[in-house]
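Participant: Need a 3D model of the sequence below.
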Amino acid sequence: MELCQHDYSEFGGEDVNEHGIFGYRYIDHYWTEPGRHPFIIKVSGKLAGLALVRAIDEDTHSIAEFFIMRKYRRQGVGQTVAHRIFDMFPGKWRIAQEEGNLPAQVFWRKVISRYTNGDFEDVQDDDWEGPVQEFRT
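Facilitator: From the prediction side, this is the model:
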């Protein structure tokens, strides 16, 4: 998660604390609360990333965090993982990206478009600064 936060700091401006870590306020919740699902991503037995999925309501899920280490990017790992996760949680999905994180926006639009054959909506949410894609599985 620290590597993920480090990558995001380029877009969101976050900084490490006095102990040299970013921290992630809700990380423990993914192992203790219903509706939150942590995934560790491995490639050939090596840690390659993580995905944190959460239920927004009974029928809607969201990717709270999604991170693939740079070494494994542009090899189809992220798309494969995302599509498997979408299959695991049928229903409505909302995938949000920070306004300044253009690489994430390109990635998610491409991955979602391929998964849905282009059947998704780009929307703006009053509670979020950045694009949100909505679709159903």
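
Participant: show me where the chain has helices.
Facilitator: Secondary structure of the chain (DSSP state H): helices located at 2-12, 29-32, 77-88, 102-116.

Participant: so who does residue 91 touch?
Facilitator: By Cβ atoms under 8 Å, 6 or more residues apart in numbering, the residues touching residue 91 are 59, 60, 61, 136, 137. Backbone N, C-alpha and C define where each C-beta goes, glycine included.

Participant: Which helix or strand in this structure has the lowest average pLDDT?
Facilitator: helix 2-12 (a mean of 70; mean pLDDT, DSSP states H and E).

Participant: ok so, going back, check the helices of the chain for me: which has the lowest mean pLDDT.
Facilitator: Lowest mean pLDDT within these: helix 2-12, a mean of 70.

Participant: Next, find the distance separating the most far-flung residue of the chain relative to its centre from residue 1.
Facilitator: Of all residues in the chain, residue 18 sits farthest from the chain's C-alpha centroid, using Cα atoms, centre = their mean; the distance is 26.9 Å. From residue 18 across to residue 1, the span is 18 Å (Cβ to Cβ, to the nearest Å).

Participant: isn't residue 66 right next to residue 79, touching?
Facilitator: No. Counting by Cβ atoms under 8 Å, residue 79 is not a contact partner of residue 66; they are 11.1 Å apart.

Participant: who has more neighbours, the two?
Facilitator: The neighbour comparison of residue 66 against residue 79 (other Cβ atoms under 10 Å) goes to residue 66, with 23 against 16.

Participant: Give the closest residue to residue 47 in space, chain neighbours not counted.
Facilitator: Counting by Cβ to Cβ, 6 or more residues apart in numbering, residue 40 is the residue found nearest to residue 47 once chain neighbours are left out, at 6.8 Å.

Participant: Also residue 99?
Facilitator: Nearest non-adjacent residue to residue 99, counting by Cβ to Cβ, 6+ apart: residue 130, 4.0 Å away.

Participant: Also residue 14?
Facilitator: Looking at residue 14 with Cβ to Cβ, 6+ apart, the closest residue is residue 22, at 6.0 Å.
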